[in-house]
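>>> predicted model follows, preceded by the sequence.
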Amino acid sequence: MSVAAKFREAGRKIICVGRNYGAHAAELGNPVPEKPILFFKPTSSYLSEGSPIQIPKGCSSLHHEVELGIIIERTGKNISESSALDHVGGYILALDMTARDFQDEAKKKGQPWAMAKGFDTSCPVSGFIPREKVQDPQNVNLWCKVNGQTKQDGNTKDMIFSIPNLISYISQYFTLEAGDVILTGTPSGVSATKPGDTIQCGLADVVSMQFDVKQG
Ligand SMILES: O=C([O-])CC(=O)C(=O)O
Ligand SMILES: [Mg+2]
């Protein structure tokens, strides 16, 4: 069974952090947040390699956002920063595929981002990455290429809110449950994709993955 299929069945929340890299906030003309910006994707959005990313109906600007995903293994609430990493079972590389035109419209109208961020195939993921494979999750390269051309080339050290900080903050409001995934935000370089494009992305030399883009 693919990781996406497993997570669709047994996974829990997908909690996403927005604008957690200053350069990405700036490239879209957004201010740097004072507190983490949170939103969710449904588990039905998971996708594994071998299946295409599908541009949702009516979307004319589907952006790639490569992100480090944290897999929660130990359930907790009001987790302290100092014990946050004890709740992490491993990592996953993810693309937070974003219908940017839907998001822009929602922003203008003060509406939620559910359609822009949560449509089917909006969460392509790699296989499970064991904790030991990522020595320092706060200093690891994240890259993304479209048709072989580098678009994103960042490092998790540039996060505004660190991984322990995010886990602690999120757990004050939402019980973090085993099987939850936290997507920690994207570095700069996001861009629009079109049908026929191939997106490749990776986490340093630990894992890489590739997806074709199709009209849904
Ligand atoms: O849509 C956005 O720009 C917010 C977001 O998900 C991110 O920064 O990773
Ligand atoms: Mg994102």
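Nice, I can see it. Ligands and ions are numbered 1, 2, ... in the order given.

>>> just to check, Gln13 is in contact with Asp180?
Check again: residue 13 is Lys, not Gln. Yes: with contact defined as Cβ atoms under 8 Å, Lys13 counts as touching Asp180 (4.7 Å). C-beta: built from backbone N, CA, C; applies to glycine.

>>> give me the nearest residue to the residue in the chain that ligand 2 sits nearest to, chain neighbours excluded.
Distance from ligand 2 to each residue of the chain (Cβ to the ion) is smallest for Asp96, at 3.4 Å. Beyond its immediate neighbours in the sequence, the residue positioned closest to Asp96 (Cβ to Cβ, 6 or more residues apart in numbering) is Glu65, lying 4.0 Å away.

>>> need phi/psi at that neighbour.
Reported as degrees, to the nearest 10, the phi and psi values for Glu65 are phi -140, psi 100.

>>> so what's the residue count around Ile182?
Residues within reach of Ile182, counting by other Cβ atoms under 10 Å, total 25.

>>> look at the closest residue to Gly179 other than its chain neighbours and give its secondary structure.
Nearest residue to Gly179, sequence neighbours excluded (Cβ to Cβ, 6+ apart): Arg12, at 4.3 Å. At Arg12, secondary structure determined by DSSP: H, G, I helix; E, B strand; the rest coil is coil.

>>> re earlier: got the contact list for the residue of the chain closest to ligand 2?
The contact partners of Asp96, by Cβ atoms under 8 Å, 6 or more residues apart in numbering, come to 16, 41, 65, 67, 117, 122-123, 183, 186.

>>> count the neighbours of Gly58 for me.
Counted with other Cβ under 10 Å, residues neighbouring Gly58 total 10.

>>> pLDDT at it, what is it?
Looking at Gly58, its pLDDT stands at 97.
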